[in-house]
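S.K.: What would the 3D arrangement of this be:
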Amino acid sequence: MESSEKKFAVPKAVTLDDLQESIPQPAGPAVVSNNTVDYVSIKSIIYKNLHARKSLSVHHMQRRLNELGYAEAFADKDGFYGDKTLEALARFQGDRNLLGGGIADRHTLELLFTGDPNVNLID
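M.R.: You can find the predicted model right below:
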């Protein structure tokens with residue numbers, strides 16, 4: 001084969017099970033409390049919350065977004081739901097054809113934390 005010839009991968013059909021198995025898993029334990037899991041409260045995830053700046057729930061959202069490849073959330077990883085986290089969540093939603101524009105709702109958070117053993121999502 002001449003060096004000018006290019007090799008391409010042969011396409012392979014995948015199933016939904018294959019895709020589910022390919023979901024990234026957390027790099028390791030990320031529990032902050034003394035429990036076996038941390039509770040992530042949907043009500044605690046408020047964009048630009050000026051009254052309670054830091055939130056463990058937002059911190060976990062930022063960590064998980066980073067694990068899934070939305071690194072701008074990690075640049076914003078301070079427990080505050082700011083513009084970079086909003087941008088990361090909006091991209092996550094867009095990649096899954098969800099509406100929301102970066103605002104966290106129950107369905108988005110359920111998808112985000114699927115397969116994350118560090119978190120128990122609560123209202």
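S.K.: what helix or strand is Leu65 on?
M.R.: Assessed by DSSP states H and E, Leu65 sits inside helix 56-67.
S.K.: Show me which residues of that helix are buried.
M.R.: Within helix 56-67, the residues scored as buried using 16 or more other CB atoms under 10 Å are 57-67. Any C-beta I mention is one placed from the backbone N, CA and C, and that applies to glycine too.
S.K.: okay, and for this structure, where does confidence drop off?
M.R.: Residue ranges of the chain with pLDDT under 70: 1-35, 50-53.
S.K.: mind listing the helices for it?
M.R.: 16-21, 56-67, 72-75, 83-95, 106-112 (DSSP state H).
S.K.: In JSON lines, list the ones you listed along with distance to Ser44.
M.R.: What follows is those, written out as JSON lines (distance: least, CB to CB, whole Å):
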{"stretch": "helix 16-21", "distance to Ser44": "28"}
{"stretch": "helix 56-67", "distance to Ser44": "4"}
{"stretch": "helix 72-75", "distance to Ser44": "16"}
{"stretch": "helix 83-95", "distance to Ser44": "13"}
{"stretch": "helix 106-112", "distance to Ser44": "11"}
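S.K.: so which of those helices is the most packed in?
M.R.: Ranked by mean neighbour count under mean count of other CB atoms under 10 Å, the helices of the chain are led by helix 56-67, which reaches a mean of 23.
S.K.: Can you list the helices and strands that that one packs against?
M.R.: Where contact means 3 or more CB pairs under 8 Å, 6 or more residues apart in numbering; DSSP states H and E, helix 56-67 is packed against strand 38-41, helix 72-75, helix 83-95, helix 106-112.
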